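Peer 1: What follows is a predicted structure for the sequence shown.
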Amino acid sequence: MGVSFRCDCPITSALDVLGDRWMLVIVKQMLIEDAMTFKDFVESKEAIATNILTSKLKVLEEHGIIRKMKLPNNRKTSLYVLTESGLSLTPVIVELALWSDRHLRELNTAIVDDEATAFLRRDKQAFTHELRHAYVDKLTRMGIAIP
């Protein structure tokens, strides 16, 4: 299914992999909303179609952004886990959230304005660190190491 890169530009190359409307949404769901199973993604408020979700998860896995695995105590359910490469997108997700907060709030008045958003505005670096730490800690409690 691979990606063909349009040119040698690093930004364009990143967008060739992540520029689809669903890719960073899926990473965000994993990082912030605790989505780990196919069912978690399907039941999210973004309502991604199952065929599109299947396709996007495969692409993310092919590019080493996520890893598909089975739980040791439940071999039926597949889990999707961010790899170190995927987890390194945390600052990108945070910057998008901050940009949206600053520039889209007037256009989309439904954008959440909660304690997490206030924390992001106050200290972007601490917010980014906390997001990453919380994700790694959750996996550690489950007995999963970051792939």
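Peer 2: Received it, and whenever you're ready, just let me know what you need.

Peer 1: quick one: contacts of the strand or helix carrying L131?
Peer 2: The secondary structure element spanning L131 is helix 124-141 (assigned by DSSP states H and E). Helix 124-141 is contacted by residues 30-32, 34, 81-82, 87, 90-91, 93-94, 98, 116, 119-120, 145-146 when judged by CB atoms under 8 Å, 6 or more residues apart in numbering. For glycine as for every other residue, the C-beta is placed from the backbone atoms N, C-alpha and C.

Peer 1: Restricted to strands, list these.
Peer 2: Within the contacts of helix 124-141, residues falling in strands by DSSP state E are 81-82.

Peer 1: Tell me the spacing between G19 and N74.
Peer 2: For G19, the distance to N74 equals 34 Å [CB to CB, to the nearest Å].

Peer 1: before we move on, which element is the residue nearest to the spatial centre of the chain in?
Peer 2: Centroid check for the chain by CA atoms, centre = their mean gives V27 as the closest residue, at 1.2 Å. Take DSSP H and E as the rule and V27 turns out to sit in helix 23-32.

Peer 1: Sweet, I'm off.
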